[in-house]
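Trainee: quick one, fold the following:
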Amino acid sequence: MSDNKRIKCTFIAGGKYHDIDFARLEVLKLLAEDERIRTRVFEDYTNLDAIMDSDFLVTYTCDVVPPLHVQEALRTYVESGKRWYALHGTNSILRFLQDGRVDAPRLAPHFMETLGSQFVAHPPIEPYMVHVVDREHELTKGMQDFETTDEKYLVETYSDNLEVLMDVGFEGEAAGFVEDQWEKKRHPVFYIHRVGEGAVLYLTLGHCRGHYDMYDLNPPLEYYPAVERCAWDLPVFYDLLRRGLDWTKRPALAA
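Mentor: Numbers count the residues shown, from 1 in each chain. Just a heads-up that it's a prediction; the model follows:
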């Protein structure tokens, strides 16, 4: 591929309970660091033609699940050799119950099997250590364990074939979620899930919320008291984003 040939990216940024505007802008600024990348931006997966035509896919969503025929197309897209950088809540399905708890129903197994995991719960946001599992991989080489304050994703994995690059340990209660009791276990934070000739790269960090991002609750919460930026406040998070984007666009460079 010529160094001067454009690279087509589809970026899906949408959903609930997060400051999607903030995350969208930050990721777009990183994509713009490579002038060859031309990005189309959507709120959901409905523009399947744009996705299938793109060289790589990036998603930052929460509770956005495509219909089954699109899930199948996404699997085909990755299997064909494309890469997908999935951020934070891409693997989430959330239902707020009348008793105030949050459920994570398993309504889209095909989608989650492609991603490699589904979000189930998180304990209250507080500082925790992220452990670098593979210090020799190109995506993590030279990186050290670090502390962040973010949602600690407790997930159900859908594959035995996850290449876990970073993880976190947890044992205890995830208050407020239906599945609130957790035995001691390591949960992936940054991993590769190879699907056919392609792969999904998943990073669970990156929660963000502003004052006006909880309006989708029933009844709506018109003003959320805190602004939460979490890992976005850390240079190491932007390093992971840049490394991930460079890795995800790689097949397009070789085409």
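Trainee: show me what contacts the closest residue to Leu87 other than its chain neighbours?
Mentor: Nearest non-adjacent residue to Leu87, counting by Cβ to Cβ, 6 or more residues apart in numbering: Tyr60, 4.3 Å away. For the C-beta atoms, the positions are set from N, CA and C on the backbone; glycine is no exception. Tyr60 sits next to Phe11, Ile12, Ala13, Ile20, Ala23, Arg24, Val27, Leu87, His88, Gly89, Thr90, Gly206 when contact means Cβ atoms under 8 Å, 6 or more residues apart in numbering.
Trainee: that's a strand at Tyr60, yeah?
Mentor: Yes. Residue state for Tyr60 (DSSP: H, G, I helix; E, B strand; the rest coil) corresponds to a strand.
Trainee: residue boundaries of the helices in the stretch 101-250 of the chain?
Mentor: If DSSP state H, counting those that start in this stretch is used as the criterion, the helices of the stretch 101-250 of the chain fall at 109-115, 235-248, 250-254.
Trainee: which elements pack onto the shortest one?
Mentor: Of the remaining helices and strands, those touching helix 250-254 by 3 or more Cβ pairs under 8 Å, 6 or more residues apart in numbering; DSSP states H and E are strand 7-15.
Trainee: right, and the helix or strand after the strand it packs on?
Mentor: Sequence order places helix 20-31 as the next helix or strand after strand 7-15, per DSSP states H and E.
Trainee: model confidence over the helix or strand just after that next one, on average?
Mentor: Sequence-wise, the next helix or strand downstream of helix 20-31 (DSSP H and E) is strand 37-42. For strand 37-42, the mean per-residue pLDDT is 98.
Trainee: swap in stretch 236-255?
Mentor: For stretch 236-255, mean pLDDT rounds to 96.
Trainee: now do stretch 48-65
Mentor: Stretch 48-65 carries an average pLDDT of 98.
Trainee: list the buried residues of it.
Mentor: Within stretch 48-65, the residues that count as buried by 16 or more other Cβ atoms under 10 Å are 48, 50-51, 54-65.
Trainee: ditto for stretch 34-43
Mentor: Going by neighbour count (16+ other Cβ under 10 Å), the buried part of stretch 34-43 is Arg36, Ile37, Val41.
Trainee: for stretch 118-127, same thing?
Mentor: Using 16+ other Cβ under 10 Å as the test for burial, stretch 118-127 gives Gln118, Phe119, Val120, Ala121, His122, Pro123.
Trainee: quick one: contacts for Thr148?
Mentor: Contact partners of Thr148, counting by Cβ under 8 Å, 6+ apart, are Pro127, Tyr128, Val130, Leu205, Cys230, Ala231, Leu234, Val236, Phe237.
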